[in-house]
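# generate a structure from the sequence data that follows.
(chains A and B)
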Amino acid sequence: DARVTQTPRHKVTEMGQEVTMRCQPILGHNTVFWYRQTMMQGLELLAYFRNRAPLDDSGMPKDRFSAEMPDATLATLKIQPSEPRDSAVYFCASGPRTGDGYTFGSGTRLTVV
Amino acid sequence: DQQVKQNSPSLSVQEGRISILNCDYTNSMFDYFLWYKKYPAEGPTFLISISSIKDKNEDGRFTVFLNKSAKHLSLHIVPSQPGDSAVYFCAASDSGTYKYIFGTGTRLKVLA
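Numbering: from 1, shown residues only, chains lettered A, B, ... in the order given. The predicted model follows:
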């Protein structure tokens, strides 16, 4: 089965440190999403890309978060500097343009202490 | 502003009975809806979808109903099985962007 691969699976870091999360979308999928899961907000959309171009990153705190797709096989989400309130599970998902069948990765559990 | 709402954080149902999970949305531009299921320590997995041209879509034990005038959709699971115990998310988007907005999820527990 084709999978969306996210690394690392777990990350514990100190407040103020830079955090980079990586995602390898399924080959051939041209749409990539970053979501954050929190207890209060459920799955929040942070950013999404189509054909590597950022279409919407309005869900991200702009001063500290950035998302990029340096190539079709890699999407990154960076937090600098990290804060305790960023602690959450971050999911990447990829899919075809038409919407059905977006596949999620297993997530990166981030803890900022 | 929560555009997609799942007002029941949790639901318990006896095995073999029907589970009904509800979802409300506020954006009238939404015309495509998905349900995802999530087990602990895993990513959500796609379950079933419906577009606004339909009011019902069925896939085995899972049926999604859409009431556009009420901006409400529901997922019915019949019969419920213990393996259905998971968190269920509904998601909505407009078909122009396929930018999915998710609800907060409902934790379903099916009791054996």
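
# let me see the contact set for A:L77.
Going by CB atoms under 8 Å, 6 or more residues apart in numbering or on different chains, A:L77 touches A:20-21, A:23, A:34, A:46-47, A:65-67, A:90, A:92. Any C-beta I mention is one placed from the backbone N, CA and C, and that applies to glycine too.

# now B:M29
With CB under 8 Å, 6+ apart, B:M29 has these contacts: B:D94.

# ok, A:V112 next?
A:V112 neighbours (CB under 8 Å, 6+ apart): A:13-15, A:17, A:19, A:82-87.

# that one pairs with what?
Under the criterion DSSP bridges, A:V112 forms beta bridges with A:T13.

# A:Y35 now?
Bridge pairing for A:Y35 (DSSP bridges) gives the partners A:L45, A:F91.

# wait, it touches A:A47, no?
No. Here A:Y35 does not reach A:A47: they are 9.1 Å apart, not a contact under CB atoms under 8 Å.

# compare neighbour counts for those two and give me the winner.
Neighbours were counted for A:Y35 and for A:A47 using other CB atoms under 10 Å in any protein chain shown; A:Y35 has more, 25 against 22.

# tell me the contacts of that one?
By CB under 8 Å, 6+ apart, the contact set of A:Y35 is A:43-46, A:90-93, A:104, B:102.

# for those, which one is nearest A:R3?
Nearest to A:R3, judged by CB to CB, of those is A:F104 at 9.7 Å.

# so what's the closest one bridging to?
Beta-bridge pairing for A:F104 (DSSP bridges): A:A93.

# neighbours of it, how many?
By other CB under 10 Å, the residues close to A:F104 number 23.

# now the closest residue to B:A41 other than its chain neighbours: phi and psi?
Taking CB to CB, 6 or more residues apart in numbering or on different chains as the measure, B:A41 lies nearest to A:S106, with 7.3 Å between them; neighbours along the chain are not counted. With angles defined as degrees, to the nearest 10, A:S106 sits at phi -80, psi -10.

# you'd agree A:S106 is up against B:G43?
Yes. Here A:S106 reaches B:G43: they are 5.1 Å apart, a contact under CB under 8 Å.

# looking at those two, which one has more neighbours?
The residue with more neighbours, out of A:S106 and B:G43, is B:G43; 21 against 17, by other CB under 10 Å.
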